[in-house]
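J.: Provided below for reference: sequence and predicted model.
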Amino acid sequence: MADMSESSFVLAGDIGGTKTNLGLFRKGKNRPVLKVAETYSSPEAPSLEHIVKIFLTKHQVRVSKACFGIAGPVIGGRAKTTNLPWDVSETRMKRKLDLSHVFLINDLTATALAVPLLSSKELFSLNKAKARKEQNIAIMAPGTGLGAGFLIQWDGKFIPISSEGGHVDFAPNSKAEVELWRYLRRKYGHVSIERVISGPGLVNIYSWLKDSGRHREPLWLARKFEEMESAAAISEVGLANRHPLCVEAMNVFVSVLGAVAGNLALTAMTTGGVYLGGGIPPKILPKLQEPLFIQAYKNKGRFEKIVEKIPVKVILNEKTALLGAAQCGFDKEN
């Protein structure tokens, strides 16, 4: 790298329950430019500071400013991660990492900040609706958990709004989904959307279908769960149409995902579009292109005609949250 001065770089992070992405960014003409990035296993680390120290030891660039998108609520510069036993503090990280400025934001806020920076090649449209310029935008991201957020237009600017909308109540839309709700109610007590729309949520759907006796799990499929992560196995088999248990699980997942996306569109009248981020949507694109998703998305009774005019796009850039965290770091430059 040419100029290694500390003012040249922002350290950005996208911290999720499964993995932590860190990157060094330089300011670019239209958006921050990623110079180097690394991915680490989140559950294997005792803290975020531990991972950042490893990263900065490998990439010995002096930085003074860092911004991290955290999967969990950020209150008063502090975050307790939802799916990790971490307690992250801006003050503590500044002290332990010798940084002048540390900013913690919700991971969906980070994703939201990056959405206006994405090119058309980094997006995949699931319907033919056109976005209205300078209008509200919704973002949801199913992965290890379920994140949700908004970009609200105000006085010609986008204002990111963080949300814990992934933890609101799951609302069934069919008799089968009522059965699923009852199954999860017995298991968890409160049934949030995240219990259905996430990697673990897909496994919950599969377990319900199996335990209900709809289909028997063959030995080869049971062995597959021993060889790879359960949600990945279900989606792989389901997308290949190799067994009805996995196909039905994917159908329920996609239908509920569509319904929730439509709910977000109505919640903030996001006529600027609904964007699907996170690790899952890009991996199940063929399933999302089937009629099931859009049918559930626009199934809003008297408001169906309004929702069907709101575009839905899948974010293909897996480093979108990292890009948004970097943008936040540069925006807080002064």
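T.: In hand now; what should we look at? Numbers count the residues shown, from 1 in each chain.
J.: show me where the stretch 101-250 of the chain has strands.
T.: For the stretch 101-250 of the chain, the strands defined by DSSP state E, counting those that start in this stretch occupy 101-106, 123-125, 137-142, 146-154, 157-163.
J.: nearest residue to the most centrally placed residue in the chain in space, please, no chain neighbours.
T.: In the chain, the centroid-proximal residue (C-alpha atoms, centre = their mean) is Ala141; its distance is 2.6 Å. What sits nearest to Ala141 in space, not counting adjacent residues and going by C-beta to C-beta, 6 or more residues apart in numbering, is Gly278, at 3.2 Å. In this view, the C-beta of every residue, glycine as well, is placed from N, C-alpha and C.
J.: SS state for that neighbour?
T.: coil (DSSP: H, G, I helix; E, B strand; the rest coil).
J.: how's the protein carved up into domains?
T.: 6-107+319-331, 166-315 (automatic domain parsing).
J.: just name the most buried of the strands of the stretch 101-250 of the chain.
T.: strand 137-142 (a mean of 29; mean count of other C-beta atoms under 10 Å).
J.: mind checking how far it is from the chain centre?
T.: With C-alpha atoms, centre = their mean, to the nearest Å as the basis, strand 137-142 stands 7 Å off its chain's centre.
J.: please name the strands paired to that strand in the sheet, noting orientation.
T.: strand 146-154 (antiparallel), strand 274-276 (parallel) (DSSP bridges).
J.: by residue count, what's the longest helix in this structure?
T.: helix 244-267 (DSSP state H).
J.: quick check: mean pLDDT across that one?
T.: Mean per-residue pLDDT for helix 244-267: 97.
J.: mind listing what's buried along that helix?
T.: 245-265 (16 or more other C-beta atoms under 10 Å).
J.: Asn83 contacts Thr144, correct?
T.: Yes - here Asn83 reaches Thr144: they are 5.4 Å apart, a contact under C-beta atoms under 8 Å.
J.: neighbour-wise, which of the two wins?
T.: Thr144 (23 against 18; other C-beta atoms under 10 Å).
J.: ok, back up a step: distance of the residue nearest to the centre of the chain from Leu257?
T.: As judged by C-beta to C-beta, to the nearest Å, Ala141 and Leu257 stand 11 Å apart.
J.: between these two, which contacts overlap?
T.: Residues touching both Ala141 and Leu257 (C-beta atoms under 8 Å, 6 or more residues apart in numbering) are Leu276.
J.: which stretches of this protein form helices?
T.: 48-58, 90-97, 107-114, 175-188, 199-211, 219-227, 230-239, 244-267, 285-288, 291-298, 304-307, 320-331.
J.: just confirm Ala231 contacts Asn204, I think it does.
T.: No - using C-beta under 8 Å, Ala231 is not in contact with Asn204; the gap is 9.8 Å.
J.: from Arg216, how far off is the closest residue to Pro218 other than its chain neighbours?
T.: In space, and not counting its chain neighbours, Pro218 is closest to His243: 6.8 Å by C-beta to C-beta, 6+ apart. Taking C-beta to C-beta as the measure, His243 and Arg216 are separated by 10 Å.
J.: quick one, which of those two is more surrounded?
T.: His243 (19 against 11).
J.: can you pull the phi/psi pair for that one?
T.: phi -150, psi 140 (degrees, to the nearest 10).
J.: quick one: it from Pro172, how far?
T.: In terms of C-beta to C-beta, His243 sits 24 Å off from Pro172.
J.: quick one, what contacts the residue nearest to Pro218?
T.: 215, 218, 221, 237.
J.: for Val254, same thing?
T.: Val254 neighbours (C-beta under 8 Å, 6+ apart): 284, 287-288, 290, 292-293, 296.
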